[in-house]
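Asks: 3D model of this:
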Amino acid sequence: MSVPGWYPDPGGQPGAYRYWDGDSWSAETSTDPRQPGPGAGGPGPGGAGGSGGKQPGGSRAVYLIVAALVLVVVIVIAAVMIFRTTTAGSPFTDRSIPSSSVSGWDDSEPTDEPSTPTPTPGDTRPCPVGDPNRREIHPEDGRVHGGNLSFPVAGNFLPAEPEPRLSFAYDVTQQYLQMNNDPGWIAQLAVGRLLGSDFPGKPKAIAELIMQCGITTDMYQPYSPTRKNLRSEAITISGQQGWLIEADITVDKPGLPFPGDKVIFIVVPDGDNWGMFFGAVPIGNTDLTTQLNQVVRDLRID
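Replies: Residues are numbered from 1 along each chain as shown. Alright, predicted model coming up:
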């Protein structure tokens with residue numbers, strides 16, 4: 001997932017993020033991965049943007065335009081704050097779905113999946129907007145927790161961090177491993193929560209939708225992804241029946257030493273919501289594929 005963006009500082013500086021532009025790391029760091037990257041139109045870490053100081057002789061029209069832009073920004077910020085105020089702090093279970101959507105499904109029948117690569121199809125349902133950085137309290141027990149799912153800490157991956165790019169989920173925690181043969185590409189293991197009100201339906205349909213959401217976000221979309229389904233099947237975790245979808249996602253990225261990622265998405269019931277697992281490793285990497293499959297076997301509902 002060689003996507004330009006802020007990543008935890010590969011130098012190991014706690015709480016710091018460094019920007020990857022697709023080819024190289026930025027010299028400056030940031031503590032806020034949501035800000036624009038260097039040169040993206042905002043002020044840099046050291047001062048105001050632009051190449052010179054304040055210019056003399058600005059016309060009144062310029063000031064009016066600036067004032068109008070500031071007013072628009074203020075209105076947008078106020079709208080966002082009002083929305084956050086009305087939704088923040090409410091428990092996840094407040095946003096419920098009908099009980100029939102998490103029980104009594106008939107998704108276990110064989111499915112006809114394409115056996116050859118096909119372009120990623122569009123989905124008629126838009127991807128919801130979640131808040132992956134909205135965290136719950138979890139135990140420190142040697143496992144990585146998100147939503148109602150957890151997996152054992154992977155010792156060869158970096159310590160657990162938030163993953164803001166899974167923007168349709170909540171309470172997302174990931175471990176990732178930078179690929180030595182392409183430092184902008186990573187293997188990932190992540191867990192989180194999906195709101196039932198955002199994802200009503202049966203587990204198979206939810207798994208398919210989040211696979212589509214994952215492919216069509218900035219994680220893969222800049223590289224013209226193509227999907228080849230490998231399996232779509234029921235899975236039982238800690239006695240709860242959910243659904244697993246696995247696919248090879250090939251990308252068009254010149255110089256990438258492998259064709260793309262092997263991706264697994266899993267959903268399991270979590271009261272009125274869903275627990276989610278996401279794993280991605282480079283296609284053809286036998287060791288990481290074996291590790292991914294073991295993590296799936298070690299998933300646990302807490």
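
Asks: Show me where this structure has its helices.
Replies: Along the chain, counting by DSSP state H, helices occupy 60-87, 203-216, 286-298.

Asks: the strands in this structure, which residues?
Replies: 5-8, 17-20, 25-30, 118-119, 143-146, 149-152, 161-162, 170-179, 182-194, 226-237, 240-250, 260-270, 273-282, 300-301 (DSSP state E).

Asks: hey, least reliable of those strands by pLDDT?
Replies: Ranked by mean pLDDT, those bottom out at strand 118-119, with a mean of 39.

Asks: Quick test: name the residue nearest the centre of the chain.
Replies: For the chain, the residue nearest the mean C-alpha position is residue 166 (1.8 Å; Cα atoms, centre = their mean).

Asks: How about the contacts made by that one?
Replies: 130, 132, 172, 190, 192, 214, 217, 276, 278 (Cβ atoms under 8 Å, 6 or more residues apart in numbering). Bear in mind the C-beta positions are built from the backbone N, C-alpha and C, glycine included.

Asks: coming back round to it: redo the helices of the chain as JSON lines? Include mean neighbour count and distance to residue 245.
Replies: Shown next, in JSON lines, are these (neighbours: other Cβ atoms under 10 Å; distance: least, Cβ to Cβ, whole Å):
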{"stretch": "helix 60-87", "mean neighbour count": "10", "distance to residue 245": "29"}
{"stretch": "helix 203-216", "mean neighbour count": "22", "distance to residue 245": "5"}
{"stretch": "helix 286-298", "mean neighbour count": "15", "distance to residue 245": "12"}
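
Asks: May I see the ones you listed organised as a markdown table, with distance to residue 24 and mean pLDDT added?
Replies: Supplementary listing: the helices of the chain in a markdown table, determined by distance: least, Cβ to Cβ, whole Å; pLDDT from 0 to 100:
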| stretch | distance to residue 24 | mean pLDDT |
| --- | --- | --- |
| helix 60-87 | 31 | 68 |
| helix 203-216 | 26 | 94 |
| helix 286-298 | 24 | 98 |
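
Asks: Which among the ones you listed is found nearest to residue 8?
Replies: Closest to residue 8 of these is helix 286-298 (Cβ to Cβ; 19.2 Å).

Asks: Just give the nearest non-adjacent residue to residue 138, would you?
Replies: residue 145 (3.6 Å; Cβ to Cβ, 6 or more residues apart in numbering).

Asks: whoops, I mixed them up, residue 213
Replies: In space, residue 213 is closest to residue 127, 3.9 Å off (Cβ to Cβ, 6+ apart).

Asks: Could you check how far that neighbour is from residue 269?
Replies: 20 Å (Cβ to Cβ, to the nearest Å).

Asks: Touching, the residue nearest to residue 138 and residue 192? I think so.
Replies: No - when contacts are counted by Cβ atoms under 8 Å, residue 145 is not listed as touching residue 192 (9.7 Å).

Asks: And these two? Which one has more around it.
Replies: Using other Cβ atoms under 10 Å, the more surrounded residue of residue 145 and residue 192 is residue 192, with 28 against 22.

Asks: what's near enough to touch that one?
Replies: 132, 146-147, 149, 163, 166, 169-173, 275-276, 278.

Asks: overlap in contacts of residue 145 and residue 192?
Replies: With Cβ under 8 Å, 6+ apart, residue 145 and residue 192 have common neighbours residue 173.

Asks: quick revisit: between residue 127 and residue 269, who's got more neighbours?
Replies: Between residue 127 and residue 269, counted using other Cβ under 10 Å, residue 269 has the larger neighbour count: 20 against 17.

Asks: which residues does the more buried one form a beta bridge with?
Replies: residue 274 (DSSP bridges).

Asks: From residue 150, how far off is it?
Replies: In terms of Cβ to Cβ, residue 269 sits 16 Å off from residue 150.

Asks: same deal with residue 11?
Replies: Distance, residue 11 to residue 150, using Cβ to Cβ: 28 Å.

Asks: what's the answer for residue 182, then?
Replies: Using Cβ to Cβ, residue 182 is found at 29 Å from residue 150.

Asks: Of the two, give the one with the bigger neighbour count.
Replies: residue 150 (23 against 15).

Asks: Does the more buried one touch residue 300 like I think?
Replies: Yes - at 5.4 Å, residue 150 and residue 300 qualify as touching, with contact defined as Cβ under 8 Å.
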